[in-house]
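Peer 1: fold the following.
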Amino acid sequence: MAGQSAIWWVASGAANGTEATATAAGDTILFNETPDVTTGGHIFTSKFNIRNSVPENSKVDGNNNDVQDMGLDGIDVVITGLIKDSDASNTSMTNFMKWMNEAKTTVGYTEGRFGLRLDDFPYFNMVPTSTYGYVMANPEFSRDPDEVNKVRFTVTLRVGGDVRGWLDANGFNGE
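Peer 2: Below you'll find the predicted structure:
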């Protein structure tokens, strides 16, 4: 079933940050739910890192250093997958290259212009807004000669802007 997962880029001046808005502009990469990569692509793994700031305060005369909870620091999502067609006609590769060449924020989406949908693990799904969004960082591509006309990728999406507001809006309310 195509489209179980998607990454999209919100164009400057878009009416909203939804996947449908980006799809109309062709700025979406869809991924299948099975590793059959004869069409589209497949996400193998998704890794989620929720960072909490915990500085350590030295106690020169004490036995143990003190640690301090400074709260939520950020969220990183690392996605690894495979896309079909490593040739010049591949729209997924074209999108990745275009996205990295453009600004990662834009008018109306100053905290990040990337969205994510993972139907089978929705906790990190995001529709970009004016106060939060994903910023894409450090995509890596590799081509294995045993996987003809396919390219592996790893991409990091970092939550930009009001991380706590995004968590609260999705029902992950804290104190």
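Peer 1: the chain: helices as residue ranges?
Peer 2: 19-24, 91-101, 163-169 (DSSP state H).
Peer 1: and those: which comes nearest residue 157?
Peer 2: helix 91-101 (11.1 Å; Cβ to Cβ). The C-beta positions use only the backbone N, C-alpha and C, and glycine is treated the same way.
Peer 1: what is the burial count for residue 27?
Peer 2: Using other Cβ atoms under 10 Å, the number of residues around residue 27 comes to 22.
Peer 1: isn't it right next to residue 96, touching?
Peer 2: No - in this structure, residue 27 is not within contact of residue 96 by Cβ atoms under 8 Å, at 11.0 Å.
Peer 1: spatially central residue for the protein, please.
Peer 2: Residue closest to the mean C-alpha point of the chain, counted by Cα atoms, centre = their mean, is residue 157 at 3.2 Å.
Peer 1: measure that one to residue 141 for me?
Peer 2: The gap separating residue 157 from residue 141 is 16 Å, by Cβ to Cβ, to the nearest Å.
Peer 1: residues in contact with residue 137?
Peer 2: 104, 155, 156, 157, 158 (Cβ atoms under 8 Å, 6 or more residues apart in numbering).
Peer 1: and of those, the nearest to residue 51?
Peer 2: Scanning those for proximity to residue 51, where the rule is Cβ to Cβ, the winner is residue 158, at 9.9 Å.
Peer 1: tell me how many other residues surround that closest one.
Peer 2: 21.
Peer 1: you'd agree it is up against residue 133?
Peer 2: No - taking contacts as Cβ under 8 Å, residue 158 lies outside contact range of residue 133: 9.9 Å.
Peer 1: shared neighbours of those two, which are they?
Peer 2: In contact with both residue 158 and residue 133: residue 112, using Cβ under 8 Å, 6+ apart.
Peer 1: okay, now the unreliable bits of the chain?
Peer 2: 1-3, 33-40, 86-89, 174-175 (pLDDT under 70).
Peer 1: quick one, what contacts residue 6?
Peer 2: 19, 28, 29, 30, 31, 115, 116, 117.
Peer 1: need the nearest residue in space to it, chain neighbours excluded.
Peer 2: residue 117 (4.6 Å; Cβ to Cβ, 6 or more residues apart in numbering).
Peer 1: separation between that neighbour and residue 145?
Peer 2: For residue 117 relative to residue 145 (Cβ to Cβ), the value is 32 Å.
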